[in-house]
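In: need a structure here:
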Amino acid sequence: MNNIKVALAINKLTQQELADKIGVSAMTISTYISGKHSIPSDKVIEMSNVLNCSTDFILGVEEYATRSKREIRELDTWRSV
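Out: The predicted model follows:
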């Protein structure tokens, strides 16, 4: 789930900060990112709200978290890191 990493970077949040905001451990966020565990639907919704992106983006269904050209360029920059 590399989109989670992208959304974290855009929002300037760490995995620990996201974990604290949605009530899980940083290790749990790590397992979501690595794909080792599926993300429960309630946590997908919470992450979407915290990270200001769609649930489809969190799940990797949608390529871009946002639609503005500036933000798409920003996403492309983060993906290349």
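In: so the nearest residue to residue 14 once chain neighbours are set aside is in which element?
Out: Nearest residue to residue 14, sequence neighbours excluded (Cβ to Cβ, 6 or more residues apart in numbering): residue 8, at 7.0 Å. Yep, even glycine has a C-beta here, placed from its N, CA and C like the rest. Assigned by DSSP states H and E, residue 8 belongs to helix 2-10.
In: secondary structure class for residue 37?
Out: Of the three states, residue 37 takes coil according to DSSP: H, G, I helix; E, B strand; the rest coil.
In: how far away is the closest residue to it other than its chain neighbours from residue 41?
Out: Counting by Cβ to Cβ, 6+ apart, residue 37 lies nearest to residue 31, which is 4.3 Å off, once chain neighbours are set aside. For residue 31, the distance to residue 41 (Cβ to Cβ, to the nearest Å) stands at 16 Å.
In: Looking only at neighbour counts, state which of those two leads.
Out: Ranked by neighbour count (other Cβ atoms under 10 Å), residue 31 and residue 41 place residue 31 first, with 15 against 10.
In: The helix or strand hosting that one to helix 2-10, inter-axis angle?
Out: Applying DSSP H and E as the criterion places residue 31 in helix 26-34. Interaxial angle, helix 26-34 versus helix 2-10 (axes from the mean of the first three to the mean of the last three Cα atoms, to 10 degrees): 120 degrees.
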